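Participant: Using only what follows, build the 3D model:
(one chain, ligands or ions: 1)
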Amino acid sequence: LFRPSHRIASIGVSEILKISGLAAEMKRQGRDIIVLGAGEPDFDTPDPIKDAAERAIRAGVTKYTALDGGQELKAAIRAKFKRDNELEFAQDEITVSAGAKQVLFNAMMATINPGDEVIIPTPFWVTYADIVAIVGGTPVLVPCSEANGFRLQGNVLERAITPRTRWLMLNSPSNPSGAAYSETDYRPILDVLIKHPHVWLMVDDIYEHIIYDDFRFVTPAAIEPALRSRILTVNGVSKAYAMTGWRIGYGAGPSPLIRAMAVVQSQSTSCPSSVSQAAAIEALNGPQDFIRDRCSSFQQRRDLVVGALNAIDGIRCRAPEGAFYTFASCAGLIGKVTPDGQTLRSDTDFAEYLLRAAGVAVIPGSAFGLAPYFRISYATSAVELEDACQRIARATAGLS
Ligand code: PLP
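Facilitator: As a prediction, the model looks like this:
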């Protein structure tokens, strides 16, 4: 009989997988389903990056590399931090893994003891809490209201800190809310952290380049040098360069932490893929201008979705500063009754109703720790998004 470990037993099947599974099943049965759940750009990896990978294969760059990334890629990452964030790191303050996700995993595995607490503002990318739980830590979920732009407030953080707090995890722009922190938004949080030297900060900047209007991206290590000795800045090539399948993410932080993370990696994946590292070097060192074009395409789609959702009675959607998600409130629809007599009691009920009645798959906010909301990923064509929004409007109009 199969018995999962205690570590795994505490990890539930996510709502995301449930709704995606249902959508996939309905598609198989021939239903016309629009899935708005993608966590990756619909664009392809740019050709110069693919070419670099091909050249690397031909040149025999096909062997194990240094444990946590080759010197050339680390140099490209340092140059990126200098160019984009005005941050200088030494080579031994950089680590490279199979995606930002593995960077996070290594960091938690390397630092968390049973009972250690990690503060995670909600709504949040569920992976954060699951990784903390897998390594035996305790995720401490702190709700962040829509009224505060889904951003953590300094006084709320202050209340959540205990002697067992090891890390605070922040993500800007955020999956799922699209909310991003300006320097002014970060300031009170960093002030609280200065007062609590036992708390480290992990910032996930993976959506750094997907920002809109005149929002200016900033990262805490650049704002507050006094905290640099306990900040891990996480980033990667997945989202900005449409390279989710290549699996390259990186982290920058104090060298003792980086060394401990390499120990974890040495006994799991040994090193990141050599070919993908060659591709990532080209991504980081090559021309960056296509990112801006892709961003303006994302911005048009954001405007389309936000506009269409706000035109629907019972739905309210804040315009996100970045990433490719909207996180809309469906509070105005809770308690309404579907044409076949079912009362919508939660955002999960609403998401299921949209899937069955309109053939549109969205993810309920409860999957990200904040209800009643739903997340739409607009990393799909404008035509499909327009169709989806019309279907949502029709299905919503059918409620009484
Ligand atoms: N961080 C956030 C907030 C994400 O939404 C995702 C992917 O969905 C990742 C990290 C994963 O990045 P990677 O592909 O580098 O593992």
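Participant: Would you mind listing what in this protein touches the ligand?
Facilitator: Remark: the part of the chain in contact with the ligand comprises 39, 99-101, 125, 171, 175, 204, 206, 236, 238, 244, 249, using C-beta under 6 Å from any ligand atom. Any C-beta I mention is one placed from the backbone N, CA and C, and that applies to glycine too.
Participant: and the two most separated of the residues you listed?
Facilitator: With distance counted by C-beta to C-beta, no two of those lie farther apart than Asn171 and Thr244, which are 16.6 Å apart.
Participant: okay, those two: which has more neighbours?
Facilitator: Asn171 (25 against 17; other C-beta atoms under 10 Å).
Participant: Inside helices: which ones of the residues of the chain next to the ligand?
Facilitator: Judged by DSSP state H, the residues of the chain next to the ligand include Ala100, Lys101 as members of helices.
Participant: Tyr128 versus the residue nearest to the spatial centre of the chain, what's the distance?
Facilitator: Note on the chain: the residue nearest the mean C-alpha position is Asn175, at 4.2 Å, using C-alpha atoms, centre = their mean. Asn175 is 10 Å from Tyr128, where distance means C-beta to C-beta, to the nearest Å.
Participant: Specify the local secondary structure of the spatially closest residue to Ala357 that is not a sequence neighbour.
Facilitator: Leaving aside its sequence neighbours, Ala357 sits nearest to Ala395 (C-beta to C-beta, 6 or more residues apart in numbering; 4.6 Å). Three-state assignment for Ala395 (DSSP: H, G, I helix; E, B strand; the rest coil): helix.
Participant: Show me where this structure dips below the pLDDT cut-off.
Facilitator: Counting by pLDDT under 70, the ranges of the chain that qualify are 13.
Participant: Do you have the helices of it handy? List them.
Facilitator: Taking DSSP H as the test, the helices found in the chain are 6-9, 15-28, 47-58, 71-85, 100-111, 127-134, 154-160, 183-195, 220-223, 255-266, 274-285, 289-310, 347-353, 382-397.
Participant: possible to save these as JSON lines with mean neighbour count?
Facilitator: As requested, the helices of the chain are exported to JSON lines (neighbours: other C-beta atoms under 10 Å):
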{"stretch": "helix 6-9", "mean neighbour count": "10"}
{"stretch": "helix 15-28", "mean neighbour count": "15"}
{"stretch": "helix 47-58", "mean neighbour count": "15"}
{"stretch": "helix 71-85", "mean neighbour count": "18"}
{"stretch": "helix 100-111", "mean neighbour count": "23"}
{"stretch": "helix 127-134", "mean neighbour count": "20"}
{"stretch": "helix 154-160", "mean neighbour count": "16"}
{"stretch": "helix 183-195", "mean neighbour count": "17"}
{"stretch": "helix 220-223", "mean neighbour count": "20"}
{"stretch": "helix 255-266", "mean neighbour count": "18"}
{"stretch": "helix 274-285", "mean neighbour count": "23"}
{"stretch": "helix 289-310", "mean neighbour count": "16"}
{"stretch": "helix 347-353", "mean neighbour count": "23"}
{"stretch": "helix 382-397", "mean neighbour count": "17"}
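Participant: quick one: contacts for the residue of the stretch 51-200 of the chain found nearest the ligand?
Facilitator: The ligand sits closest to Gly99 of the stretch 51-200 of the chain, with a gap of 2.6 Å, by C-beta to the nearest ligand atom. With contact set as C-beta atoms under 8 Å, 6 or more residues apart in numbering, Gly99 has these partners: Gly236, Ser238, Arg247, Ile248, Gly249.
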